[in-house]
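Undergrad: A structural model of the following input is requested.
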Amino acid sequence: MQINDLSPAPGSRKDRKRVGRGHGSGHGGRSGRGDKGQLSRAGGGKGPGFEGGQNPLAMRLPKLPGFKNRFRVEYAIVNVGRLEALFAKGDVVDVDGLFAKGVIKAKTVPVKVLGDGELTKALTIKVDKVSGSARTKIEGAGGTVEAL
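TA: Residues are numbered from 1 along each chain as shown. From the prediction side, this is the model:
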């Protein structure tokens, strides 16, 4: 067998249908579209959501309720009890330190410290926001809160 003897298997290749190329082609005249009507015209037919003039399903269903604030800021939440467990006395708690210890997943997200848990160590907190209860616990333990 030579390379010039190779050919596709019989029936595996088929010529494309060339419509509108004369009666001798078998697909001349009306090009397989039938006689008259919406579907015989160029660009004829309706879109995929059309239901014969009935109100389409997408319009019958209700819209989603409510409203989504585009300017809402999502904070990464850290409680003072978690800071007590992870940081030593006198440490500086900032975004880099929290990220290094795996408390937050990304450095780009703003951080807010909340007051759940107890704090006995004096820590320096440098985050975006601190709740009132967290601030009293931090300052009560001898720590400081610095606003960014």
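Undergrad: I would like the residues contacting the one helix or strand in the chain whose mean pLDDT sits lowest, please.
TA: Least confident helix or strand, the chain: strand 144-147 with a mean of 90, by mean pLDDT, DSSP states H and E. Residues outside strand 144-147 that contact it (Cβ atoms under 8 Å, 6 or more residues apart in numbering): 124, 125, 126, 130, 135, 138, 139. For every residue, glycine as well, the C-beta is placed using N, CA and C.
Undergrad: Produce a ChimeraX select command limited to the buried residues of those.
TA: Here is the ChimeraX command that selects the buried residues among the contacts of strand 144-147 (16 or more other Cβ atoms under 10 Å):
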select :125,126,130,135,138
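Undergrad: So which of the contacts of strand 144-147 are in strands?
TA: Residues of the contacts of strand 144-147 located in strands (DSSP state E): 124, 125, 126, 130.
Undergrad: CSV for those residues, including distance to residue 69?
TA: Converted to CSV, the ones in strands among the contacts of strand 144-147 look like this (distance: Cβ to Cβ, whole Å):
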residue, distance to residue 69
124, 33
125, 27
126, 27
130, 23
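Undergrad: out of those, who's nearest residue 79?
TA: residue 130 (11.4 Å; Cβ to Cβ).
Undergrad: does that closest one really touch residue 138, like I thought?
TA: Yes - using Cβ atoms under 8 Å, residue 130 is in contact with residue 138, at 7.2 Å.
Undergrad: Common neighbours of the two, please.
TA: Common neighbours of residue 130 and residue 138 (criterion: Cβ under 8 Å, 6+ apart): 113, 145.
Undergrad: tell me the mean pLDDT for whatever helix or strand residue 99 lives in?
TA: Assigned by DSSP states H and E, residue 99 belongs to helix 95-100. Computed over helix 95-100, the mean pLDDT rounds to 95.
Undergrad: Same question for stretch 131-142.
TA: The model assigns stretch 131-142 a mean pLDDT of 95.
Undergrad: ok, residues contacting it?
TA: Under Cβ under 8 Å, 6+ apart, the answer for stretch 131-142 is 79-80, 112-115, 118-123, 125, 130, 144-145.
Undergrad: Show me the contact partners of the helix holding residue 99.
TA: By Cβ under 8 Å, 6+ apart, the list of residues contacting helix 95-100 from outside reads 76, 78, 87, 91, 104, 106, 107, 111, 126, 127.
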